[in-house]
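Chemist: fold the stuff below for me.
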Amino acid sequence: MLPHMAQAEDFSQPVLPGDAPSDYERYLRTEELLALQKEPEEQSHPDELLFQTVHQSSELWLKLATSEIARATAHVRAGELAAAVRLLRRSSLCMQYVTAQLDMLEQMSPWEYQTLRRVLGHGSGFDSPGFRQIRRVSPALGDAFEDAVAAAGLTIDDVYVHGREHEELYQLAEGLIEWDERVANWRIRHYRVVARIIGDRVVGTQGTPVEVLGRMIHKQLYPDLWEVRNRLTALAKESD
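Modeler: Purely as a prediction, here's the structure:
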């Protein structure tokens with residue numbers, strides 16, 4: 001080899017700091033991640049791995065979703081509506097993933113789940129950090145949207161009736177209601193999974209009746225964006 005020629009880089013060796021054998025594992029911290037589930041000898045039932053995998057991955061998707069909602073809110077405040085709409089699409093897609101993976105929980109036997117349930121303590125979905133973040137970040141997004149509509153000298157009805165003239169505000173409104181709907185779908189699906197596994201007339205692990213969970217599925221994050229549909233239908237009838 002000539003002295004001036006650089007040595008070829010050895011791509012088989014990791015270059016990121018850490019002890020894991022590859023950069024993939026170091027960057028994603030897979031050793032820590034895969035150590036967060038119970039080992040077989042610790043499990044009360046083998047389905048604990050399924051249960052933990054679904055809930056831990058859900059928390060990751062919810063973390064991403066709510067982070068994007070917070071970023072979208074900042075964009076709306078800055079008048080960057082197109083950027084906000086793009087992040088809202090991401091957030092809603094996260095909720096689709098969270099909802100879809102609930103199918104895995106229905107692969108557990110309702111009777112065998114009772115063994116697993118005994119080791120959950122008072123653990124409940126009401127204590128989910130992701131669920132708490134949804135309730136924390138969503139109102140701020142709604143406030144930012146309402147301020148943007150008001151700053152344009154419009155009402156929500158105007159945004160819909162004259163949507164072509166206010167395309168970005170219209171797309172933002174639809175992004176909010178998509179987020180609201182995806183969160184509601186997740187709640188509904190979660191309730192149905194709980195009812196299918198432990199019943200709909202029992203008390204949950206935190207002492208809350210499952211029927212209370214059922215009543216919460218009708219909660220809306222942005223009620224005026226749902227109510228505007230009724231007003232638009234009434235307005236259309238008046239125009240007939």
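Chemist: now the element after the helix or strand of the chain with the lowest mean pLDDT, going C-ward?
Modeler: Here the helix or strand of the chain ranked lowest by mean pLDDT, DSSP states H and E is helix 210-216, holding a mean of 66. Along the chain past helix 210-216, the next helix or strand (assigned with DSSP states H and E) turns out to be helix 223-239.
Chemist: OK, contacts around the nearest residue in space to residue 17 that is not next to it in sequence?
Modeler: Among residues not flanking residue 17 along the chain, residue 26 sits closest, at 7.2 Å (Cβ to Cβ, 6 or more residues apart in numbering). To be clear about C-beta, it is placed using only N, CA and C from the backbone, and glycine gets the same treatment. Contacts for residue 26 (Cβ atoms under 8 Å, 6 or more residues apart in numbering) come out as 14, 16-20.
Chemist: what's the spacing between residue 26 and residue 20?
Modeler: With the distance defined as Cβ to Cβ, to the nearest Å, residue 26 ends up 5 Å from residue 20.
Chemist: one more: residue 104?
Modeler: For residue 104, the distance to residue 20 - Cβ to Cβ - is 28 Å.
Chemist: tell me which stretches of the chain form helices.
Modeler: Remark: helices assigned in the chain by DSSP state H are 23-28, 30-34, 47-77, 81-100, 110-117, 129-151, 156-161, 167-198, 210-216, 223-239.
Chemist: what comes up buried for the shortest one?
Modeler: Pointing back at helix 30-34 there. For helix 30-34, burial by neighbour count (16 or more other Cβ atoms under 10 Å) applies to no residue.
Chemist: show me how far it is from its chain's centre.
Modeler: Distance, stretch centre to chain centre, for helix 30-34: 22 Å (Cα atoms, centre = their mean, to the nearest Å).
Chemist: contact partners of that helix?
Modeler: 20, 24-25.
Chemist: try 10 Å
Modeler: Applying Cβ atoms under 10 Å, 6 or more residues apart in numbering, the contact partners of helix 30-34 are 18-22, 24-25, 28, 56, 60.
Chemist: could you pull up the mean pLDDT of that helix?
Modeler: For helix 30-34, the mean pLDDT works out to 97.
Chemist: re earlier: JSON lines for the helices of the chain, including distance to residue 41?
Modeler: Shown next, in JSON lines, are the helices of the chain (distance: least, Cβ to Cβ, whole Å):
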{"stretch": "helix 23-28", "distance to residue 41": "24"}
{"stretch": "helix 30-34", "distance to residue 41": "16"}
{"stretch": "helix 47-77", "distance to residue 41": "11"}
{"stretch": "helix 81-100", "distance to residue 41": "30"}
{"stretch": "helix 110-117", "distance to residue 41": "16"}
{"stretch": "helix 129-151", "distance to residue 41": "28"}
{"stretch": "helix 156-161", "distance to residue 41": "57"}
{"stretch": "helix 167-198", "distance to residue 41": "25"}
{"stretch": "helix 210-216", "distance to residue 41": "32"}
{"stretch": "helix 223-239", "distance to residue 41": "50"}
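Chemist: weakest of those helices in terms of mean pLDDT?
Modeler: Among the helices of the chain, helix 210-216 scores lowest, at a mean of 66.
Chemist: residue contacts, the nearest residue to residue 53 once chain neighbours are set aside?
Modeler: In space, and not counting its chain neighbours, residue 53 is closest to residue 37: 6.7 Å by Cβ to Cβ, 6+ apart. Counting by Cβ under 10 Å, 6+ apart, residue 37 touches 43, 48-53, 56.
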